[in-house]
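# Fold the following, please.
(3 chains, ligands or ions: 2)
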Amino acid sequence: MSFLILSQILNGFATGMLYALVGVGLTLVLGVLNLPNFAHGTLFAFGAYFTYTVANLTDSFYLGVLIGPLLVVLIGFVIESQGVRRLYAAHHDYQLLFLFAIALILQETVILIWGPVGFSLLPPKFLAGAVDLGFTVYPKYRLALILFTATIVVALYLMLTRTNVGAILRAGIENREMVKVLGININKVFLFTFGLGAYLAGLAGGLATPIWGLTPTMGFDILPISFVIVVVAGLGSILGAIAAGILIGLAQSLTTIWWPEAANVVIYLIMGLTIILRPQGLFGSR
Amino acid sequence: MAGLLECHALSKNFDAVAAVVDVNLEVTEGSVHSIIGPNGAGKTTFFNLISGEVPPTAGRVYFKGRDITGLPSHQIPHVGIARCFQRTNIFPKLTVFENVWVAMFSRSNSGALDFIKRVSDFGEIGDKTREIISELGLEEKLTERAETLSHGQQRALEVAIALAGAPTLILLDEPTQGLAPEATQQMTQLIQRLAGRYTILLIEHKMHVVMAISHWISVMHFGQIIAEGGPDEIRQNEAVQKAYLGGRR
Amino acid sequence: MRDRNIFLIVLAFVVIGPFVQPKVIITEMLIFGIVAVANNIMIGYTGMLSFGQAMFFGIGAYVAGLLLKAGMPLIVALPVGTLFVLVLSIAVGYFCVQRTGLYFICITFAFNQMFYFIAYSWTGLTGGEDGLPGIPRPSLLLDPVAFYVFVAVVFLACLVAMKRIVDSPLGLICQTIRENPSRAAAVGYNVKLYKLTAFTIASTFTGLAGTVYAMLYGIVPIDQIHWLKSGDFIFMTLLGGTGNFFGPIMGAVGYIWMSETFSLYWARWPLIMGIVFVVVVLYLRGGIVELIGKVYGSIQRAREAP
Ligand SMILES: Nc1ncnc2c1ncn2[C@@H]1O[C@H](COP(=O)(O)OP(=O)(O)OP(=O)(O)O)[C@@H](O)[C@H]1O
Ligand SMILES: [Mg+2]
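Numbering: from 1, shown residues only, chains lettered A, B, ... in the order given. Ligands and ions are numbered 1, 2, ... in the order given. Predicted coordinates:
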């Protein structure tokens, strides 16, 4: 039994790190752009599908994960510069409807291009198979995923806390007016942020393919989870999004052991508890 | 005699900024009590502490002998304190009538049944609303949206909303700000007219207005009350002159 | 236009509609008309944007459907379903109204998904993915005409009730909260309490519409509680126009008409809907109401200038 628990904890970390990527991406867009980005999930799906296609064309999973998410960034740039940019001054209702529409359009586009049937993508040879960890035999790809995403998350965190770009983004979350006053080109900041958010969603999607496979609804499935992460984290908290992502991944994996049907509901249980016990979110200030 | 409003050692810090520092203040019933002081002295913050907009860091507020410290802002009108804001704070897309009506309705003894009536069914509240609007000279704008009014008219509407709350004490935060001399004159006269009926706590920068209508003046500087007295005393007070001449931040 | 005239137009639509289009389609338009108008009590009047109204629609439908299946009469099933939603929306709303803006949207959305997953996982009760089938209609309403009349009466009654609410002091208080919440508090209104009231009223009418929907096709598909449906509700409301009490009815009518039409021709019809949404957001803010206003205005001007 305890072996099962240990390996589910590892699984939880793998899932949780992917959630963290998605969650941080959404947090940035929500926090800096003050925008309810309901297209975030479909960007995740596009990341997976682009990765799949590039990997098949080039015969290299690595190239897929490298190029796929960058293509998602291009989509993000188009959405921001052609649509969202005209809506910053509008009410949330129009922003929401616009992004909801983009989600529908992208979702249907996935089915148009890749068909309604799902796919699976094998991990690269080097990462195929499993290793013996002593207490359990564990898939190599998942271990690599945990290490890789952990590196990305740390790098991202350092970028956001230690660099000028990060300082501007954080200032944008706390006080948008200030960023404008500082004479920074706010359009560029917004474009960059939306692109970064799209990249993180796309990267998570690409990395997830060997574990979760590809289904046309994967974007719609991840979307609510990413919003729960933001609520649990506290709106605009990057560290919170990382922690909440991991927490939710772990909770989901562990619930699967005892009560698989409840694995999806437990996410919301955590959200409910957070709202009751700590309404501002785990890392939220207000 | 005890004051209508009493503040004991009231303080407010915003992170490093001490906006209000250990203020003791007593407002006598029926008086016009003015607070003056340079920009950023903490006057508006002081009002915010009384009206529940922000909770004080320390100290207590008593109104009619009752401790009202930290009451949420929506309960303050119901103890009998109404407020006008420095930055015009109205309901832009509602009509002048509706702006005043909601403030009046809030203080009427409404039972649950009132919510199945139409707004137009409340004859008495409607009449009183029109009365107040006329008193402020806005009767011609009754059905205009508040956002279409001129700045001066919006200031008047701001006062009308406060009066509609049937208060004992009115907090007026720079009611003449941005007004032309003639409109300032009108506002001054209005305050004088109100003075008989209400107790007024007034923040005002225009000295001639303050001197003309105040019974008592408190001078605030860097969050502290540095002087208090009648208009003549204040005019001669050295600390006050220093604060005004050399004390701007 | 005066409210009474608009009401007469709506009445004419209800009477003439079923002679022009299939009854089920008009029935759907009326059911979702209730939802869209209710939604506007939040969006248009109070300035709250909930992305979770499908949870109340779906739960109303599930509860009424289960009661009808258990052999309860209509006069029990519908009120109990509605009451259930009322109580639930107070509980859910209590947590939601603690927050404003984006956070409010996020929380309502997440609650929606929570109830979706409960419905999805609790297959024994709700039928899960396959939906809740086999909901009987009372024998009186088996006849399609009788059912249409019933829905029409419910629709008109809801409309009158909601109109009454927005014309009452409560409606005005909601508008002060939309305009300036801190000022609404400063004149003595407990903003959170009134927001919760608006939330509850809107959700309860949405739930009531759901209970009626359960009888329409005799099945509650799980889509009816999915967040996509919540998005559709927002679209209906905005398409009609939030500036007018009756506007959202046109939004519901337009939405149902479009989805019925497009889905006949192309399986990927949500894509077209998405494009329509984008067009509305970018070029038709203010919705159909504003469009009519503009057209009406330019005709007026054309007449005046000879
Ligand atoms: N919400 C707040 N957060 C942080 N600092 C604040 C806040 N409100 C006021 N302050 C600070 O408190 C100090 C006092 O401000 P306040 O508005 O009370 O001054 P005032 O006397 O009303 O000035 P004025 O005459 O210009 O209206 C200022 O330094 C201001 O920056
Ligand atoms: Mg001030």
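# Let me know the helix or strand that the nearest residue to residue B:188 once chain neighbours are set aside is in.
Spatial nearest neighbour of residue B:188, excluding adjacent residues (Cβ to Cβ, 6 or more residues apart in numbering or on different chains): residue B:209 at 5.1 Å. The C-beta positions use only the backbone N, C-alpha and C, and glycine is treated the same way. Secondary structure from DSSP states H and E places residue B:209 in helix B:207-213.
# What residues of that helix count as buried?
B:209-211, B:213 (16 or more other Cβ atoms under 10 Å in any protein chain shown).
# Now do the next helix or strand after it: everything it contacts.
Counting by DSSP H and E, the next helix or strand C-terminal to helix B:207-213 is strand B:216-221. For strand B:216-221, contacts defined as Cβ atoms under 8 Å, 6 or more residues apart in numbering or on different chains pick out B:23, B:25, B:28, B:31-38, B:41-43, B:46, B:210, B:225-231, B:234, B:237, B:239-240, B:243, B:247.
# State the next helix or strand along the chain beyond strand B:216-221.
Moving toward the C-terminus from strand B:216-221, the next helix or strand (DSSP H and E) is strand B:224-229.
# Please save the CA atoms from that following strand in CSV.
In CSV, the C-alpha atoms belonging to strand B:224-229 read as follows (Å, rounded to 0.1, in the frame of the first residue of the first chain):
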residue,chain,number,x,y,z
GLN,B,224,-2.0,66.0,14.2
ILE,B,225,-4.3,68.7,15.6
ILE,B,226,-1.9,71.6,16.2
ALA,B,227,-4.3,74.2,17.2
GLU,B,228,-8.0,74.7,18.1
GLY,B,229,-10.1,77.7,18.8
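# which residues are in contact with the helix or strand following that strand?
Next along the chain after strand B:224-229, taking DSSP H and E as the criterion, comes helix B:231-236. Surrounding helix B:231-236, the residues in contact under the criterion Cβ under 8 Å, 6+ apart are B:36, B:210-211, B:214, B:217, B:219, B:227-228, B:240.
# what's the lowest-pLDDT member of these?
By pLDDT, residue B:240 ranks lowest within those, coming in at 74.
# Give me the number of neighbouring residues for it.
21 (other Cβ atoms under 10 Å in any protein chain shown).
# How about residue C:110?
Neighbour count for residue C:110, taken as other Cβ under 10 Å: 26.
# ok, back up a step: now distance to residue A:71 too, for the contacts of helix B:231-236, in CSV please.
What follows is these, written out as CSV (distance: Cβ to Cβ, whole Å):
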residue, distance to residue A:71
B:36, 64
B:210, 67
B:211, 72
B:214, 70
B:217, 69
B:219, 66
B:227, 70
B:228, 71
B:240, 69
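# Ligand 1 next: which of these are close?
Among the contacts of helix B:231-236, not one lies near ligand 1 by Cβ under 6 Å from any ligand atom.
# ok, so of these, who is nearest ligand 2?
residue B:36 (11.3 Å; Cβ to the ion).
# Surely residue B:21 is in a strand?
Yes: with DSSP: H, G, I helix; E, B strand; the rest coil as the criterion, residue B:21 is assigned to a strand.
# In contact with it, which residues are there?
By Cβ under 8 Å, 6+ apart, the contact set of residue B:21 is B:11, B:42, B:222-224.
# out of those residues, who has the most neighbours?
Busiest of the contacts of residue B:21 [other Cβ under 10 Å] is residue B:42, holding 26 neighbours.
# nearest residue to that one other than its sequence neighbours?
In space, residue B:42 is closest to residue B:223, 4.0 Å off (Cβ to Cβ, 6+ apart).
# quick one, phi psi at that neighbour?
Per-residue torsions, residue B:223: phi 80, psi -10 (degrees, to the nearest 10).
# which SS class is residue C:31?
Each residue gets one of three states, and residue C:31 gets helix by three-state DSSP.
# just checking, residue B:142 touches residue B:96?
Yes: counting by Cβ atoms under 8 Å, residue B:142 sits close enough to residue B:96 to count as a contact (5.6 Å).
# who touches both of the two?
Common neighbours of residue B:142 and residue B:96 (criterion: Cβ under 8 Å, 6+ apart): residue B:133.
# so which strand or helix has the residue nearest the centre of chain C?
Taking Cα atoms, centre = their mean, the centroid of chain C lies closest to residue C:35, which sits 1.2 Å from it. Assessed by DSSP H and E, residue C:35 sits inside helix C:23-40.
# Report how many residues lie close to residue A:53.
The number of residues packed near residue A:53 is 18, by other Cβ under 10 Å.
# close to chain C, is the lengthiest helix in chain A?
Longest helix in chain A by number of residues (criterion: DSSP state H): helix A:2-33. Yes: using Cβ under 8 Å from any Cβ of the partner chain, helix A:2-33 reaches chain C at residue A:30.
# What helices and strands are in contact with that helix?
helix A:40-58, helix A:140-162, helix A:164-174, helix A:186-212, helix A:218-233, helix A:238-258 (3 or more Cβ pairs under 8 Å, 6 or more residues apart in numbering or on different chains; DSSP states H and E).
# the inter-axis angle of it versus helix A:238-258?
Angle, helix A:2-33 to helix A:238-258, by axes from the mean of the first three to the mean of the last three Cα atoms, to 10 degrees: 150 degrees.
# What are the buried residues along helix A:2-33?
Within helix A:2-33, the residues that count as buried by 16+ other Cβ under 10 Å are A:7-8, A:10-33.
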